[in-house]
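A.B. asks: Just to be clear, the model below is a prediction. Sequence and coordinates:
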Amino acid sequence: MDWLKTFLNSSIGKKFLMALTGSFLIIFLIIHLIGNITLFFGPEAFNGYVKKLASIKPLIRVIEVVLFSAFLLHIFNGVRLWIENKKARPVEYKINGSDKNSSIFSRTMFVSGSIVFIFLVLHLGTFFWRFNIHDPMNLASQHKYYEIVTHFFSYWWYVLVYVIAMILLGFHLNHGFQSAFQTFGLNNKKYTPFIKKLGTIYAIIMAVGFASMPIYFFLIGGAK
């Protein structure tokens with residue numbers, strides 16, 4: 001297994017693992033968005049959706065472990081690659097042509113990823129925590145998950161943080177989507193323009209889709 005360890009610790013191996021875990025998270029976000037869209041159809045639809053997930057709890061727990069592991073690997077390798085890039089360029093030149101050779105999306109990957117991670121911790125500390133661990137209002141035990149979500153979406157500061165995080169997530173996904181295809185060797189002159197457009201469309205749909213929920217419920221529910 002030494003060859004696997006050597007490969008995963010190489011620059012190519014780290015990028016491959018980033019692309020692999022990133023692809024898994026890209027698929028997860030699609031499924032997560034589709035499920036969350038039930039919020040727009042009222043309490044019965046969303047509560048029913050969450051109850052169905054609860055009915056297959058053992059499977060969901062396995063998926064959560066895999067998902068959490070993918071997040072950790074993605075973050076860990078992202079930090080390692082960022083540190084390596086910094087060490088490779090210890091001196092910042094006064095005249096830097098990086099803005100001509102790379103997009104704003106690629107140059108802000110570490111920053112956008114870091115802020116999205118901070119938001120993820122906040123997100124898990126609200127919804128996941130309330131759904132599964134600590135529910136002071138005793139709503140989860142009554143399967144009133146819709147009320148928990150809309151309660152948080154009534155706070156202006158939470159909505160603001162949520163929307164900013166989704167914008168940065170869009171930036172992160174726009175480059176990450178294209179980078180994954182490139183790492184897997186699926187890029188050429190014929191398909192690369194299409195992949196870039198598809199990545200941009202995907203990033204916009206994810207950012208707008210997730211951000212629309214807190215904005216909608218904040219506007220119809222009133223500010224706190």
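C.D. replies: The structure has been received and is ready for your questions. Given the structure is predicted, the values throughout are model-derived calculations rather than measurements.
A.B. asks: got the buried residues for the helix ranked longest in the chain?
C.D. replies: Taking DSSP state H as the criterion, the chain has its longest helix at helix 57-88. Neighbour-count burial for helix 57-88 flags 67, 70-71, 73-75, 77-78, 81 (criterion: 16 or more other C-beta atoms under 10 Å). (Glycine included, C-beta is placed from N, CA and C.)
A.B. asks: So which other helices or strands are in contact with it?
C.D. replies: helix 11-36, helix 109-123 (3 or more C-beta pairs under 8 Å, 6 or more residues apart in numbering; DSSP states H and E).
A.B. asks: ok, so what distance separates Ile34 from Ala19?
C.D. replies: The spacing between Ile34 and Ala19, counted by C-beta to C-beta, to the nearest Å, is 23 Å.
A.B. asks: more crowded one of these two?
C.D. replies: Each of Ile34 and Ala19 has its neighbours counted (other C-beta atoms under 10 Å); Ala19 has more, 19 against 11.
A.B. asks: can you tell me which residues contact that one?
C.D. replies: Contacts for Ala19 (C-beta atoms under 8 Å, 6 or more residues apart in numbering) come out as 179-180, 183-184.
A.B. asks: returning to that earlier point: which of the buried residues of helix 57-88 sits closest to Leu120?
C.D. replies: Phe71 (7.5 Å; C-beta to C-beta).
A.B. asks: for the contacts of Ala19, which one is nearest Ile27?
C.D. replies: Ala180 (11.1 Å).
A.B. asks: Near that closest one, how many other residues are there?
C.D. replies: The burial count for Ala180: 21, using other C-beta under 10 Å.
A.B. asks: picking up where we left off before, could I get the helices and strands packed on helix 57-88 in TSV, plus columns for mean pLDDT and distance to Asn174?
C.D. replies: Conversion of the helices and strands packed on helix 57-88 to TSV gives the following (pLDDT from 0 to 100; distance: least, C-beta to C-beta, whole Å):
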stretch	mean pLDDT	distance to Asn174
helix 11-36	88	11
helix 109-123	77	10
